[in-house]
Structures are given as C-alpha cells and as structure tokens.
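>>> no FASTA, just this:
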C-alpha cells in the first residue's frame, strides 16, 4: 500500500510537477493550493506526510503547521516545508525541539525523496 502525501503549494505549475514526481516515486498524492484547502483534506483523509510551501495566500504553511500540531499532533513531525526565501520565518523545530525539514527551492527530486523518506521514518 502506497503512502499518502498531502502536497500544499500555491503555484499551480509547481504543484502539478511535484505531484507527478511524487506519484512516479510511488506515493498517493492529494494536492491543495493553500492551508485552508489542506485543512479540509486533513479533516476528511488520513495522510502519512504533508509537504507544504511556507508562503501562500489565504493560509500560509506556518499557520497550517500550527493547526496540524493542535488537531493532528501525530502528523506534526512528518511535515516537510518548502520555501524559496532563505530568510523565511517558518518553524525551525517541532514541539519536542526536533528540527523540521525545510527544502530550499529549487531542490532536486532526490532531495525531495530523501525528505519524504525521513518524514516517513518519523512515523516508526
């Protein structure tokens, strides 16, 4: 059974490309254009990993992460952030002080696969 990933990215082309790359890597992928859409999906589906952009309209990745920590705490250690902004004010650690994974755009498919595998290992 394939692991389920929720991909949250506001740029349509990036979202589509990343979803295809993750699907060809063997994952089941649902997508959302912002944090609000992601919350709706999280409320109705189970996910193994969330891959989220940090800067998005409507609800950014930081606010989405806060909701995940509150409502789906088991998933909080399995969030992978993406950003193109090195000065991003995104979360650096989870509630236990463990470092969170941040992919700096642009990143390679190999780096994306490694980040997802690392997040999945947090479930064990």
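Arrived safely. Worth saying up front: this structure is predicted, and the values here are computed from it rather than measured. Numbering: from 1, shown residues only.
>>> for the protein, which spans come out with low pLDDT?
Within the chain, the ranges that satisfy pLDDT under 70 run 86-99, 123-124.
>>> Chain neighbours aside, what residue packs nearest to the residue nearest the centre of the chain?
By Cα atoms, centre = their mean, the chain has its centre lying nearest to residue 51, at 1.5 Å. Once flanking residues are discounted, residue 51 sits nearest to residue 80: 4.6 Å by Cβ to Cβ, 6 or more residues apart in numbering. In this view, the C-beta of every residue, glycine as well, is placed from N, C-alpha and C.
>>> Equivalent analysis for residue 34, please.
The nearest residue in space to residue 34 (Cβ to Cβ, 6+ apart) is residue 58, at 4.0 Å.
>>> Which of the three states applies to the residue nearest to residue 51?
strand (DSSP: H, G, I helix; E, B strand; the rest coil).
>>> re the thing from before, let me see the contact set for the residue nearest to the centre of the chain.
Neighbouring residues of residue 51 by Cβ atoms under 8 Å, 6 or more residues apart in numbering: 5-8, 18, 22, 79-80, 82, 112, 115-116.
>>> Buried residues, stretch 22-33. List them.
For stretch 22-33, burial by neighbour count (16 or more other Cβ atoms under 10 Å) applies to 22, 25, 27, 29-33.
>>> Likewise for stretch 101-119?
101-103, 112, 115-116, 119.
>>> same question, stretch 9-16
By 16+ other Cβ under 10 Å, the buried positions in stretch 9-16 come out as 9-10, 14-15.
>>> Among the buried residues of stretch 101-119, name the ones in strands.
Residues from the buried residues of stretch 101-119 lying in strands, with DSSP state E as the criterion: 101-103.
>>> pretty sure residue 22 contacts residue 115?
No - checked against Cβ atoms under 8 Å, the pair residue 22 and residue 115 is beyond contact range at 10.9 Å.
>>> Outside of the helix or strand harbouring residue 15 itself, list whatever touches it.
Element membership for residue 15 (DSSP states H and E) is helix 12-24. Under the contact criterion Cβ under 8 Å, 6+ apart, helix 12-24 has outside partners 5, 7, 9, 29, 31, 33, 51, 109, 112, 116.
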